[in-house]
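A.B. asks: Sequence and computational prediction follow.
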Amino acid sequence: MTPFRYERASEIASAGASAAQPTAKFIAGGTNLVDLMKLQIETPAQLVDISRLPLDRIEETAGGLRIGALVTNSAAAVDMRVRRRYPLLAQAILAGASTQLRNKATTGGNLLQRTRCAYFYDTTKPCNKRVPGSGCAALEGLNRMNAVLGVSDHCIAAHPSDMAVAMTALDAVVETIAPDGSARTIPIDALYRPPGNTPHIETVLEPGELIVSVLLPPPPAGRQVYRKVRDRASFAFALVSVAAILDLDGDRVRAARVAFGGLSYKPWRSAEAEAALVGAPATRAAFDAAGTAALRNARGYGHNDFKIPLARRTLRATLTQAAGLA
């Protein structure tokens, strides 16, 4: 591991100012960053420890919840307000990692965790996300875990978070504070930048801008379901996951929200699937049609071609469960 300086932040303003330096990084739970440092993928000259900042509470808002950036994944998943009003979020969090990791991983860190693309982790292979301009080995390589929606020929890495998929379906808003003290709110769907020809720039956050909380609006009507398809039952990243919220009016769909995980550079909200569902009968045929609409522009790269039909089937199964037809 490359030597680095360590600073424990005592206030948000000083933390942001320190982390705004080009070679500095925030650290809280460290469940992703420390691994990357050990592998020489991340080599920060300075770590700014924000774990003692007062950002570890879940608070009531006007009908919703504000989850502090330092709330651990375990604490968020077991909070009764989350479980009762946002069961989708609790289900997604509990589908991720292991109990030990969830006890350390934080809400803000989970949103900003980096891809698990094998070539990003292999420093002997070209990776535009790790070394800009070096190429993308995944395009012609073993790309089974890689993305099929919204990516480019410069990078096909998939975002690994489960929690972020549920938050996307719930229309969560990320609240940040910049080093100069200015605050802004970012819809979670707008937090992540498409790879284009600069896949190493992953979010719209500015240097030193700190996520301080995630705001959940009042819970939507309807049943919430999260389904994750993976290679083994625990501690595995999604091949495909689906977060669905389905509100029925009799036997027809009044409103629907659909977000996919494992398919794109970010949690992928599917406006196409939602449009296909609204007003349609709550039948497996209609759910299949929504899957076709959602994956119409998907592109496989060989080893991950299977993700496209798998995503359609996973959406159908998730919607079937949400509709009470399972």
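C.D. replies: Great, that's in hand.

A.B. asks: May I have the beta-bridge partners of the closest residue to Ala183 other than its chain neighbours?
C.D. replies: Excluding the flanking residues, the one nearest Ala183 by C-beta to C-beta, 6 or more residues apart in numbering is Ile177, at 5.2 Å. (Each C-beta comes from the backbone N, C-alpha and C, glycine too.) Note on Ile177: beta-bridge partners by DSSP bridges are Ala183, Leu210.

A.B. asks: I'd assumed Gly208 was in contact with Ile177.
C.D. replies: No. Ile177 is beyond contact range of Gly208, at 9.4 Å (criterion: C-beta atoms under 8 Å).

A.B. asks: Overlap in contacts, the two.
C.D. replies: Listed contacts common to Ile177 and Gly208 are Gly16; contacts here mean C-beta atoms under 8 Å, 6 or more residues apart in numbering.

A.B. asks: quick one, what contacts the residue nearest to Ala183?
C.D. replies: Per C-beta under 8 Å, 6+ apart, neighbours of Ile177: Ile12, Ala13, Gly16, Ala183, Glu209, Leu210, Val212.

A.B. asks: burial of the first one, as a residue count?
C.D. replies: So that's Ile12. When neighbours are counted by other C-beta atoms under 10 Å, Ile12 registers 17.

A.B. asks: start the count at 49, not 1, going forward
C.D. replies: Sounds good: first residue 49 from here, last item Ile60.

A.B. asks: Please report phi then psi for Ala220.
C.D. replies: phi -70, psi 150 (degrees, to the nearest 10).

A.B. asks: Tell me how far it lies from Pro266.
C.D. replies: 12 Å (C-beta to C-beta, to the nearest Å).

A.B. asks: and Ala238, helix, strand or coil?
C.D. replies: helix (DSSP: H, G, I helix; E, B strand; the rest coil).

A.B. asks: So what's the residue count around it?
C.D. replies: Neighbours around Ala238, by other C-beta under 10 Å: 13.

A.B. asks: sorry, back to before: and the buried ones among the contacts of Ile225, selectable in ChimeraX?
C.D. replies: Of the contacts of Ile225, the buried ones can be selected in ChimeraX as follows, counting by 16 or more other C-beta atoms under 10 Å:
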select :60,61,64,257,258,260
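
A.B. asks: Nearest to Thr246, out of the contacts of Ile225: which one, please.
C.D. replies: Among these, Glu257 lies closest to Thr246 (C-beta to C-beta), at 17.8 Å.

A.B. asks: Isn't the closest one up against Asp228?
C.D. replies: No. The criterion here is C-beta under 8 Å, and Glu257 misses it with Asp228 at 9.8 Å.

A.B. asks: higher neighbour count, Ala220 and Pro266?
C.D. replies: Ala220 (26 against 13).

A.B. asks: Report pLDDT for that one.
C.D. replies: At Ala220, the model reports a pLDDT of 98.

A.B. asks: quick one: the helices in the stretch 249-374 of the chain?
C.D. replies: 319-325, 332-342, 355-370 (DSSP state H, counting those that start in this stretch).

A.B. asks: how about a markdown table for the ones you listed, with mean pLDDT, mean neighbour count and distance to Gln94 added?
C.D. replies: Formatted as a markdown table, the helices of the stretch 249-374 of the chain follow (pLDDT from 0 to 100; neighbours: other C-beta atoms under 10 Å; distance: least, C-beta to C-beta, whole Å):
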| stretch | mean pLDDT | mean neighbour count | distance to Gln94 |
| --- | --- | --- | --- |
| helix 319-325 | 98 | 20 | 41 |
| helix 332-342 | 98 | 20 | 43 |
| helix 355-370 | 98 | 22 | 39 |
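
A.B. asks: could I get those helices as CSV with distance to Thr109?
C.D. replies: Formatted as CSV, those follow (distance: least, C-beta to C-beta, whole Å):
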stretch, distance to Thr109
helix 319-325, 25
helix 332-342, 31
helix 355-370, 26
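
A.B. asks: Tell me which of the ones you listed sits nearest to His202.
C.D. replies: helix 355-370 (19.7 Å).

A.B. asks: Does the residue nearest to Ser200 when sequence neighbours are not counted belong to a helix, a strand or coil?
C.D. replies: In this structure, Ser200 finds its nearest non-sequential neighbour in Pro243, 4.9 Å apart by C-beta to C-beta, 6+ apart. Three-state call for Pro243 (three-state DSSP): coil.

A.B. asks: again with Arg129
C.D. replies: helix.

A.B. asks: So for it, what's the pLDDT?
C.D. replies: 98.

A.B. asks: Next: Val119.
C.D. replies: So Val119 comes in at 98 (pLDDT).

A.B. asks: hang on, it packs against Ala153?
C.D. replies: No. Between Val119 and Ala153 there is no contact, the gap being 10.2 Å when judged by C-beta under 8 Å.

A.B. asks: Thank you, goodbye.
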